[in-house]
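Undergrad: after the sequence you'll find the predicted model.
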Amino acid sequence: MNAGIIGVGRCVPEKVVTNFDLEKMMDTSDEWIRTRTGIEERHIAEDDQDTSDMAFEAAENALKDAGITAEQVGLILVATVTPDQPFPSVACMIQDRLGATNAAAMDLSAACAGYIYGLITAKQFIENNAYDYILVVGVEKLSKIVDWSDRNTAVLFGDGAAAVVLGKVSDGRGIISYELGSDGSGAKYLYQNENDHIAMNGREVFKFAVRQMGQSALNVIEKAGYTKNDVDYLIPHQANIRIMESARQRLDLPPEKMSTAIKKYGNTSAASIGNALVEELENGKIHDDDLLVLVGFGGGLTWGAVAIKWGK
Ligand code: COA
(Lines give C-alpha, C1' and ligand atoms only; values in the text may rest on other atoms or scores of the structure.)
Protein backbone atom coordinates (compact mmCIF):
# COMPACT_ATOMS: atom_id res chain seq x y z
CA MET A 1 0.00 0.00 0.00
CA ASN A 2 1.18 3.49 -0.83
CA ALA A 3 1.29 6.45 1.48
CA GLY A 4 -1.19 9.11 0.46
CA ILE A 5 -2.72 12.38 1.56
CA ILE A 6 -5.69 11.80 3.88
CA GLY A 7 -6.22 15.36 5.09
CA VAL A 8 -5.26 18.90 4.14
CA GLY A 9 -5.29 22.29 5.84
CA ARG A 10 -3.82 25.74 5.45
CA CYS A 11 -3.35 29.11 7.07
CA VAL A 12 -3.68 32.24 4.97
CA PRO A 13 -2.77 35.46 6.82
CA GLU A 14 -5.59 38.02 6.70
CA LYS A 15 -3.65 41.01 5.44
CA VAL A 16 -3.68 41.35 1.63
CA VAL A 17 -1.02 43.44 -0.11
CA THR A 18 -1.90 44.20 -3.73
CA ASN A 19 0.43 45.23 -6.53
CA PHE A 20 -1.12 48.71 -6.24
CA ASP A 21 -0.06 48.82 -2.59
CA LEU A 22 3.50 47.97 -3.68
CA GLU A 23 3.41 50.79 -6.27
CA LYS A 24 3.20 53.18 -3.30
CA MET A 25 6.21 51.57 -1.57
CA MET A 26 8.70 51.17 -4.44
CA ASP A 27 9.39 51.94 -8.11
CA THR A 28 7.20 49.23 -9.65
CA SER A 29 3.82 48.85 -11.33
CA ASP A 30 0.89 46.48 -11.25
CA GLU A 31 1.35 45.99 -14.99
CA TRP A 32 5.02 44.96 -14.65
CA ILE A 33 4.35 42.54 -11.81
CA ARG A 34 1.30 40.94 -13.45
CA THR A 35 2.85 40.46 -16.88
CA ARG A 36 6.31 39.33 -15.65
CA THR A 37 5.18 37.11 -12.75
CA GLY A 38 1.41 36.47 -12.82
CA ILE A 39 1.06 37.83 -9.28
CA GLU A 40 -1.80 40.23 -8.41
CA GLU A 41 -1.70 40.15 -4.62
CA ARG A 42 -0.13 38.31 -1.70
CA HIS A 43 -0.96 37.73 1.96
CA ILE A 44 1.44 39.06 4.59
CA ALA A 45 1.51 37.92 8.23
CA GLU A 46 1.08 40.39 11.08
CA ASP A 47 4.14 41.25 13.19
CA ASP A 48 2.91 39.06 16.04
CA GLN A 49 1.99 36.12 13.76
CA ASP A 50 5.15 34.06 13.44
CA THR A 51 5.94 30.99 11.36
CA SER A 52 4.93 28.56 14.12
CA ASP A 53 1.53 30.28 14.52
CA MET A 54 0.71 29.74 10.85
CA ALA A 55 2.10 26.17 10.95
CA PHE A 56 -0.06 25.38 14.00
CA GLU A 57 -3.26 26.66 12.36
CA ALA A 58 -2.62 24.75 9.12
CA ALA A 59 -1.75 21.58 11.06
CA GLU A 60 -4.90 21.77 13.20
CA ASN A 61 -7.01 22.12 10.05
CA ALA A 62 -5.28 19.14 8.40
CA LEU A 63 -5.84 16.91 11.46
CA LYS A 64 -9.51 17.87 11.50
CA ASP A 65 -9.82 17.17 7.77
CA ALA A 66 -8.13 13.76 8.20
CA GLY A 67 -10.38 12.92 11.14
CA ILE A 68 -7.52 11.92 13.43
CA THR A 69 -6.32 13.21 16.79
CA ALA A 70 -2.96 14.83 17.48
CA GLU A 71 -2.01 11.83 19.66
CA GLN A 72 -2.19 9.54 16.62
CA VAL A 73 0.56 11.44 14.79
CA GLY A 74 3.92 9.62 14.81
CA LEU A 75 6.10 12.28 13.18
CA ILE A 76 5.87 15.99 12.41
CA LEU A 77 7.96 17.35 9.54
CA VAL A 78 8.02 21.09 8.99
CA ALA A 79 9.60 22.43 5.79
CA THR A 80 10.65 26.06 6.23
CA VAL A 81 13.53 28.47 5.69
CA THR A 82 11.95 31.09 7.96
CA PRO A 83 11.59 29.37 11.35
CA ASP A 84 10.77 31.52 14.39
CA GLN A 85 14.39 30.90 15.48
CA PRO A 86 17.11 28.38 14.53
CA PHE A 87 16.09 26.12 17.40
CA PRO A 88 13.91 24.73 18.84
CA SER A 89 12.38 23.63 15.55
CA VAL A 90 8.97 24.86 14.43
CA ALA A 91 8.02 21.17 14.42
CA CYS A 92 8.71 20.93 18.17
CA MET A 93 6.80 24.15 18.83
CA ILE A 94 3.68 22.85 17.12
CA GLN A 95 4.12 19.34 18.56
CA ASP A 96 3.55 20.89 21.97
CA ARG A 97 0.72 23.22 20.92
CA LEU A 98 -1.14 20.44 19.11
CA GLY A 99 -0.69 17.99 21.99
CA ALA A 100 0.95 15.50 19.62
CA THR A 101 2.43 13.64 22.59
CA ASN A 102 3.49 10.56 20.60
CA ALA A 103 5.21 12.39 17.77
CA ALA A 104 8.86 12.89 16.87
CA ALA A 105 9.45 16.31 15.33
CA MET A 106 11.95 18.01 13.08
CA ASP A 107 12.30 20.80 10.53
CA LEU A 108 13.77 20.29 7.10
CA SER A 109 15.42 22.84 4.84
CA ALA A 110 14.96 22.59 1.08
CA ALA A 111 13.56 26.08 0.41
CA CYS A 112 10.67 26.10 -2.08
CA ALA A 113 11.07 22.36 -2.75
CA GLY A 114 10.66 21.68 0.99
CA TYR A 115 7.03 20.59 0.75
CA ILE A 116 7.89 17.91 -1.83
CA TYR A 117 10.94 16.83 0.22
CA GLY A 118 8.62 16.54 3.23
CA LEU A 119 6.03 14.44 1.39
CA ILE A 120 8.65 12.02 0.10
CA THR A 121 10.40 11.69 3.47
CA ALA A 122 7.06 10.98 5.14
CA LYS A 123 6.18 8.41 2.48
CA GLN A 124 9.22 6.28 3.44
CA PHE A 125 8.25 6.09 7.12
CA ILE A 126 4.62 5.25 6.33
CA GLU A 127 5.48 2.52 3.84
CA ASN A 128 8.10 1.04 6.23
CA ASN A 129 5.32 0.80 8.83
CA ALA A 130 7.29 3.04 11.19
CA TYR A 131 4.35 5.43 11.68
CA ASP A 132 0.64 5.31 10.86
CA TYR A 133 0.19 9.06 10.44
CA ILE A 134 2.64 11.84 9.64
CA LEU A 135 1.98 15.55 9.59
CA VAL A 136 3.88 17.48 6.89
CA VAL A 137 3.77 21.27 7.00
CA GLY A 138 5.22 23.75 4.50
CA VAL A 139 5.31 27.21 6.03
CA GLU A 140 7.04 30.54 5.46
CA LYS A 141 7.04 34.03 6.83
CA LEU A 142 9.14 35.38 3.98
CA SER A 143 8.09 38.96 4.74
CA LYS A 144 10.62 38.98 7.58
CA ILE A 145 13.57 38.25 5.26
CA VAL A 146 12.42 40.21 2.18
CA ASP A 147 14.41 43.35 1.46
CA TRP A 148 11.49 45.76 1.01
CA SER A 149 13.78 48.20 -0.81
CA ASP A 150 14.68 45.64 -3.53
CA ARG A 151 11.97 45.63 -6.19
CA ASN A 152 13.60 42.62 -7.90
CA THR A 153 12.56 40.34 -5.05
CA ALA A 154 10.05 42.20 -2.84
CA VAL A 155 7.20 41.89 -5.33
CA LEU A 156 7.46 38.10 -5.59
CA PHE A 157 6.84 36.68 -2.13
CA GLY A 158 4.01 36.07 0.35
CA ASP A 159 3.45 34.36 3.72
CA GLY A 160 1.39 31.30 4.61
CA ALA A 161 1.26 27.66 5.66
CA ALA A 162 -0.08 24.43 4.21
CA ALA A 163 -0.29 21.06 5.94
CA VAL A 164 -1.16 17.50 5.02
CA VAL A 165 -1.65 14.30 6.98
CA LEU A 166 -0.14 11.27 5.30
CA GLY A 167 -1.36 7.76 5.99
CA LYS A 168 -1.92 4.51 4.12
CA VAL A 169 -4.49 4.71 1.33
CA SER A 170 -6.24 2.07 -0.77
CA ASP A 171 -4.39 0.11 -3.44
CA GLY A 172 -3.45 2.11 -6.53
CA ARG A 173 -3.91 5.45 -4.79
CA GLY A 174 -1.43 7.71 -3.02
CA ILE A 175 2.07 8.87 -3.96
CA ILE A 176 2.94 6.48 -6.78
CA SER A 177 6.29 7.91 -7.88
CA TYR A 178 8.73 10.64 -6.97
CA GLU A 179 12.02 12.31 -7.75
CA LEU A 180 14.27 14.56 -5.69
CA GLY A 181 17.39 16.42 -6.70
CA SER A 182 19.88 19.07 -5.72
CA ASP A 183 22.69 21.13 -7.23
CA GLY A 184 24.62 23.08 -4.63
CA SER A 185 26.74 24.70 -7.33
CA GLY A 186 23.72 26.95 -7.94
CA ALA A 187 23.56 28.14 -4.31
CA LYS A 188 24.83 31.57 -5.42
CA TYR A 189 21.66 32.23 -7.42
CA LEU A 190 19.25 32.26 -4.45
CA TYR A 191 20.27 32.60 -0.82
CA GLN A 192 19.96 34.56 2.42
CA ASN A 193 22.68 37.26 2.44
CA GLU A 194 24.71 38.79 5.26
CA ASN A 195 21.84 41.19 6.03
CA ASP A 196 19.52 38.19 6.36
CA HIS A 197 17.69 39.24 3.20
CA ILE A 198 16.72 37.15 0.18
CA ALA A 199 19.30 37.65 -2.58
CA MET A 200 18.53 36.34 -6.04
CA ASN A 201 19.79 36.21 -9.60
CA GLY A 202 16.33 36.10 -11.17
CA ARG A 203 17.42 35.20 -14.68
CA GLU A 204 19.57 32.25 -13.59
CA VAL A 205 16.82 30.92 -11.30
CA PHE A 206 14.34 31.35 -14.14
CA LYS A 207 16.48 29.32 -16.58
CA PHE A 208 17.06 26.56 -14.05
CA ALA A 209 13.38 26.38 -13.15
CA VAL A 210 12.19 26.21 -16.76
CA ARG A 211 14.66 23.39 -17.42
CA GLN A 212 13.95 21.44 -14.24
CA MET A 213 10.21 21.64 -13.58
CA GLY A 214 9.03 20.22 -16.89
CA GLN A 215 11.70 17.51 -16.84
CA SER A 216 10.96 16.41 -13.26
CA ALA A 217 7.24 16.32 -14.03
CA LEU A 218 7.85 14.11 -17.07
CA ASN A 219 10.18 11.87 -15.03
CA VAL A 220 7.62 11.10 -12.30
CA ILE A 221 4.87 10.48 -14.87
CA GLU A 222 7.08 7.94 -16.63
CA LYS A 223 8.24 6.34 -13.35
CA ALA A 224 4.58 5.84 -12.41
CA GLY A 225 3.96 4.00 -15.70
CA TYR A 226 1.87 6.76 -17.28
CA THR A 227 2.27 9.21 -20.15
CA LYS A 228 1.68 12.97 -20.12
CA ASN A 229 -1.73 12.41 -21.73
CA ASP A 230 -2.89 10.68 -18.54
CA VAL A 231 -2.29 13.70 -16.30
CA ASP A 232 -5.47 15.26 -14.89
CA TYR A 233 -4.00 18.18 -12.97
CA LEU A 234 -0.65 19.92 -12.50
CA ILE A 235 0.36 21.83 -9.39
CA PRO A 236 3.72 23.49 -9.99
CA HIS A 237 5.52 25.60 -7.41
CA GLN A 238 3.84 29.01 -7.65
CA ALA A 239 6.93 31.14 -8.35
CA ASN A 240 6.29 32.77 -11.70
CA ILE A 241 3.45 32.17 -14.16
CA ARG A 242 5.88 32.08 -17.10
CA ILE A 243 7.91 29.27 -15.49
CA MET A 244 4.69 27.41 -14.67
CA GLU A 245 3.42 27.84 -18.23
CA SER A 246 6.58 26.30 -19.63
CA ALA A 247 6.04 23.18 -17.48
CA ARG A 248 2.39 23.00 -18.51
CA GLN A 249 3.31 23.25 -22.18
CA ARG A 250 5.88 20.46 -21.88
CA LEU A 251 3.06 18.23 -20.60
CA ASP A 252 0.70 19.42 -23.39
CA LEU A 253 -1.93 20.30 -20.79
CA PRO A 254 -4.69 22.87 -21.38
CA PRO A 255 -4.60 25.95 -19.08
CA GLU A 256 -7.54 24.73 -16.96
CA LYS A 257 -5.51 21.73 -15.83
CA MET A 258 -2.91 23.78 -13.93
CA SER A 259 -3.24 25.69 -10.69
CA THR A 260 -2.59 29.43 -10.94
CA ALA A 261 -3.05 30.19 -7.26
CA ILE A 262 0.01 32.45 -7.62
CA LYS A 263 -2.34 35.29 -8.64
CA LYS A 264 -3.71 35.58 -5.10
CA TYR A 265 -0.77 34.41 -2.99
CA GLY A 266 2.52 35.12 -4.78
CA ASN A 267 5.41 32.80 -4.01
CA THR A 268 5.01 31.37 -0.50
CA SER A 269 8.02 29.07 -0.91
CA ALA A 270 7.56 25.83 1.09
CA ALA A 271 3.83 26.58 1.48
CA SER A 272 3.13 27.26 -2.19
CA ILE A 273 2.35 23.80 -3.58
CA GLY A 274 0.37 22.73 -0.51
CA ASN A 275 -1.59 25.98 -0.51
CA ALA A 276 -2.40 25.55 -4.20
CA LEU A 277 -3.54 21.97 -3.50
CA VAL A 278 -6.03 23.17 -0.87
CA GLU A 279 -7.16 26.02 -3.14
CA GLU A 280 -7.91 23.67 -6.05
CA LEU A 281 -9.63 21.10 -3.82
CA GLU A 282 -11.88 23.94 -2.65
CA ASN A 283 -12.40 24.97 -6.29
CA GLY A 284 -13.55 21.43 -7.12
CA LYS A 285 -10.70 20.89 -9.59
CA ILE A 286 -9.43 17.63 -8.04
CA HIS A 287 -11.38 14.37 -7.91
CA ASP A 288 -10.81 10.82 -6.65
CA ASP A 289 -8.51 8.79 -8.91
CA ASP A 290 -7.23 11.87 -10.73
CA LEU A 291 -3.54 11.67 -11.66
CA LEU A 292 -1.89 14.73 -10.12
CA VAL A 293 1.65 15.96 -10.61
CA LEU A 294 3.14 18.23 -7.95
CA VAL A 295 6.51 19.72 -8.86
CA GLY A 296 8.76 22.26 -7.18
CA PHE A 297 12.17 23.91 -7.25
CA GLY A 298 13.99 26.26 -4.96
CA GLY A 299 17.13 27.65 -3.39
CA GLY A 300 19.89 25.18 -2.80
CA LEU A 301 19.33 24.56 -5.61
CA THR A 302 16.75 21.85 -4.93
CA TRP A 303 13.91 20.27 -6.83
CA GLY A 304 11.36 17.50 -6.46
CA ALA A 305 8.19 16.06 -7.92
CA VAL A 306 5.53 13.49 -7.06
CA ALA A 307 2.81 11.75 -9.03
CA ILE A 308 -0.28 11.12 -6.92
CA LYS A 309 -3.40 9.08 -7.59
CA TRP A 310 -5.80 11.18 -5.57
CA GLY A 311 -8.06 9.70 -2.91
CA LYS A 312 -7.92 7.75 0.34
N1 COA B 1 9.06 46.46 -11.13
C2 COA B 1 9.45 47.10 -12.23
N3 COA B 1 10.57 46.80 -12.90
C4 COA B 1 11.32 45.81 -12.42
C5 COA B 1 10.97 45.09 -11.26
C6 COA B 1 9.80 45.48 -10.61
N7 COA B 1 9.37 44.84 -9.49
N8 COA B 1 11.91 44.16 -11.03
C9 COA B 1 12.82 44.27 -12.00
N10 COA B 1 12.47 45.28 -12.84
C11 COA B 1 13.17 45.75 -14.03
C12 COA B 1 14.63 45.42 -14.00
O13 COA B 1 15.35 46.37 -13.27
C14 COA B 1 14.98 45.43 -15.47
O15 COA B 1 15.17 46.77 -15.87
P16 COA B 1 16.37 47.18 -16.86
O17 COA B 1 16.10 46.40 -18.11
O18 COA B 1 16.21 48.64 -16.98
O19 COA B 1 17.61 46.74 -16.15
C20 COA B 1 13.71 44.95 -16.14
O21 COA B 1 12.67 45.07 -15.17
C22 COA B 1 13.80 43.51 -16.62
O23 COA B 1 14.37 42.73 -15.62
P24 COA B 1 14.61 41.22 -15.81
O25 COA B 1 15.35 40.70 -14.63
O26 COA B 1 15.14 40.93 -17.17
O27 COA B 1 13.11 40.69 -15.79
P28 COA B 1 12.62 39.24 -15.98
O29 COA B 1 11.68 39.20 -17.11
O30 COA B 1 13.74 38.25 -15.95
O31 COA B 1 11.77 39.01 -14.66
C32 COA B 1 11.86 37.96 -12.53
C33 COA B 1 12.39 39.08 -13.40
C34 COA B 1 12.52 38.06 -11.16
C35 COA B 1 10.37 38.12 -12.40
C36 COA B 1 12.18 36.61 -13.21
O37 COA B 1 13.53 36.56 -13.58
C38 COA B 1 11.90 35.44 -12.32
O39 COA B 1 10.76 35.19 -11.95
N40 COA B 1 12.92 34.63 -12.00
C41 COA B 1 12.74 33.50 -11.15
C42 COA B 1 12.63 33.97 -9.73
C43 COA B 1 12.06 32.93 -8.82
O44 COA B 1 11.22 32.15 -9.19
N45 COA B 1 12.52 32.95 -7.57
C46 COA B 1 12.04 32.11 -6.55
C47 COA B 1 12.51 30.73 -6.76
S48 COA B 1 11.83 29.64 -5.58
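TA: Done, it's in.
Undergrad: am I right that D84 is in a helix?
TA: No - counting by DSSP: H, G, I helix; E, B strand; the rest coil, D84 falls outside a helix, being coil.
Undergrad: that one against D48, yeah?
TA: No - the pair D84 / D48 is not scored as a contact, 11.7 Å apart, by Cβ atoms under 8 Å. Glycine gets a C-beta too; all of them are placed from N, C-alpha and C.
Undergrad: how about the secondary structure of the residue lying closest to G158 once chain neighbours are set aside?
TA: Once flanking residues are discounted, G158 sits nearest to R42: 3.2 Å by Cβ to Cβ, 6 or more residues apart in numbering. Three-state assignment for R42 (three-state DSSP): strand.
Undergrad: state the distance from R42 to I286.
TA: Using Cβ to Cβ, to the nearest Å, R42 is found at 23 Å from I286.
Undergrad: look at the two and report which has more neighbours.
TA: Set R42 next to I286 and count neighbours by other Cβ atoms under 10 Å: R42 wins out with 28 against 19.
Undergrad: identify the residues contacting the more buried one.
TA: 16-17, 157-159, 264-266, 268 (Cβ atoms under 8 Å, 6 or more residues apart in numbering).
Undergrad: what's across from it in the sheet?
TA: Using DSSP bridges, the beta-bridge partners of R42 come out as V17.
Undergrad: gap between it and the ligand?
TA: Look at R42 and the ligand: by Cβ to the nearest ligand atom, to the nearest Å, they are 13 Å apart.
Undergrad: ramachandran angles for the residue lying closest to F297 once chain neighbours are set aside?
TA: With Cβ to Cβ, 6+ apart as the criterion, F297 has its nearest non-adjacent residue at 4.3 Å, and that residue is W303. When read as degrees, to the nearest 10, the backbone of W303 gives phi -160, psi 170.
Undergrad: what's near enough to touch W303?
TA: 113, 116, 180-182, 212-213, 216, 295-297.
Undergrad: show the pLDDT at it.
TA: pLDDT, W303: 98.
Undergrad: now do the helices in the stretch 151-300 of the chain.
TA: Applying DSSP state H, counting those that start in this stretch to the stretch 151-300 of the chain gives helices spanning 151-154, 202-223, 241-250, 262-265, 272-282.
Undergrad: what's the angle between the second one and helix 241-250?
TA: Taking axes from the mean of the first three to the mean of the last three Cα atoms, to 10 degrees, one finds that helix 202-223 is oriented at 30 degrees with respect to helix 241-250.
Undergrad: can helix 202-223 be said to contact the ligand?
TA: Yes - judged by Cβ under 6 Å from any ligand atom, helix 202-223 comes into contact with the ligand through 202-203, 205-206, 209.
Undergrad: again, but for the first one
TA: Yes - Helix 151-154 lies in contact with the ligand when judged by Cβ under 6 Å from any ligand atom; the contacting residues are 151-152.
Undergrad: quick one: distance of that helix to the chain centre.
TA: Here helix 151-154 is found 20 Å from its chain centre; the criterion is Cα atoms, centre = their mean, to the nearest Å.
Undergrad: enumerate the positions of that helix that are buried.
TA: Neighbour counts using 16 or more other Cβ atoms under 10 Å place 151, 153-154 of helix 151-154 among the buried residues.
Undergrad: let me know the closest of the residues you listed to the ligand.
TA: R151 (3.8 Å; Cβ to the nearest ligand atom).
Undergrad: correct me if wrong: that closest one contacts D27.
TA: Yes - if you go by Cβ under 8 Å, R151 and D27 touch, sitting 6.0 Å apart.
Undergrad: contact distance from the ligand - what residues of the stretch 1-150 of the chain qualify?
TA: Residues of the stretch 1-150 of the chain lying near the ligand (Cβ under 6 Å from any ligand atom): 28, 32-33, 36-37, 112.
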